[in-house]
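> Just to be clear, the model below is a prediction. Sequence and coordinates:
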Amino acid sequence: AQSVTQLDSQVPVFEEAPVELRCNYSSSVSVYLFWYVQYPNQGLQLLLKYLSGSTLVESINGFEAEFNKSQTSFHLRKPSVHISDTAEYFCAVMYSGGGADGLTFGKGTHLIIQP
Amino acid sequence: EAGVAQSPRYKIIEKRQSVAFWCNPISGHATLYWYQQILGQGPKLLIQFQNNGVVDDSQLPKDRFSAERLKGVDSTLKIQPAKLEDSAVYLCASSLERVDTQYFGPGTRLTVL
């Protein structure tokens, strides 16, 4: 069965420090990759996605992720975090070619920004 | 542009009762998904519709769960009878095309006592 692993359930970092949230997925021929964010008391929002083209994708609020096919990873990074980045981050994978397009999610990583 | 709407936002029921959730996707979105998110876990796909046809329901517990999408727009998800382990947030999402960004609604938090 296809799976997505987010190794860290919780990541505490100080404000203005860099952060990396890790995501690995089970190998497949063709995948589409997503990071979703859930702020406190809000619904899931798309942060960024990789469908094709450049393996480095960026969001409007300074996050970036790189698709690494050989390592089956899609880690999320930000060079300098802010208090407002406190949220739950979910990595999700769509495995193409199987006839269905539902997302397989990781368990989430809670990013805690400390002042 | 209005987002995905879901109702009710919260529901508390006794085990063995039935419950229904409603979803209205973003206008024009042909693909609709229902996910179940248990506390501390990521969402899990239950069923995917393309217009009013089912694309994938392999993870839907069909002995108690059912879903329909009449006229290819609104959708309802029903649980009958509910079990304690059905306590979760039920999320509806829609996308314009099949391989595309999925937009999520606020969810319905179900508590089964």
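Noted; the coordinates are in hand.
> Just give me the neighbour total for the closest residue to residue B:71 other than its chain neighbours.
Computed as C-beta to C-beta, 6 or more residues apart in numbering or on different chains, the closest residue to residue B:71 that is not its neighbour in sequence is residue B:52, at 6.4 Å. For every residue, glycine as well, the C-beta is placed using N, CA and C. Here the count is done by other C-beta atoms under 10 Å in any protein chain shown, and residue B:52 has 14 residues near it.
> right, and residue B:52 touches residue B:69 too?
Yes. Assessed by C-beta atoms under 8 Å, residue B:52 is found in contact with residue B:69 at 4.9 Å.
> Which neighbours do those two have in common?
Taking C-beta atoms under 8 Å, 6 or more residues apart in numbering or on different chains as the contact criterion, residue B:52 and residue B:69 have no common neighbours.
> For the closest residue to chain B within chain A, give the beta-bridge partners.
For chain A and chain B, the shortest gap (C-beta to the nearest C-beta) falls at residue A:105, measuring 3.0 Å. Each beta-bridge partner of residue A:105 is listed here, defined by DSSP bridges: residue A:92.
> okay, now it: neighbour count?
For residue A:105, which is what you asked about, the neighbour count (other C-beta under 10 Å) is 23.
> Return the residues in contact with it.
Residue A:105 is in contact with A:4, A:36, A:90, A:91, A:92, B:42, B:43, B:44, counting by C-beta under 8 Å, 6+ apart.
> One more: residue A:36?
When the contact criterion is C-beta under 8 Å, 6+ apart, the partners of residue A:36 are A:44, A:45, A:46, A:47, A:89, A:90, A:92, A:105, B:104.
> can you check residue A:83 too?
By C-beta under 8 Å, 6+ apart, residue A:83 lies in contact with A:15, A:113, A:115.
> could you dump the contacts of residue A:36 to JSON lines with distance to residue A:25 and secondary structure?
Formatted as JSON lines, the entries for these read as follows, by distance: C-beta to C-beta, whole Å; DSSP: H, G, I helix; E, B strand; the rest coil:
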{"residue": "A:44", "distance to residue A:25": "18", "secondary structure": "strand"}
{"residue": "A:45", "distance to residue A:25": "21", "secondary structure": "strand"}
{"residue": "A:46", "distance to residue A:25": "17", "secondary structure": "strand"}
{"residue": "A:47", "distance to residue A:25": "16", "secondary structure": "strand"}
{"residue": "A:89", "distance to residue A:25": "15", "secondary structure": "strand"}
{"residue": "A:90", "distance to residue A:25": "13", "secondary structure": "strand"}
{"residue": "A:92", "distance to residue A:25": "9", "secondary structure": "strand"}
{"residue": "A:105", "distance to residue A:25": "11", "secondary structure": "strand"}
{"residue": "B:104", "distance to residue A:25": "20", "secondary structure": "strand"}
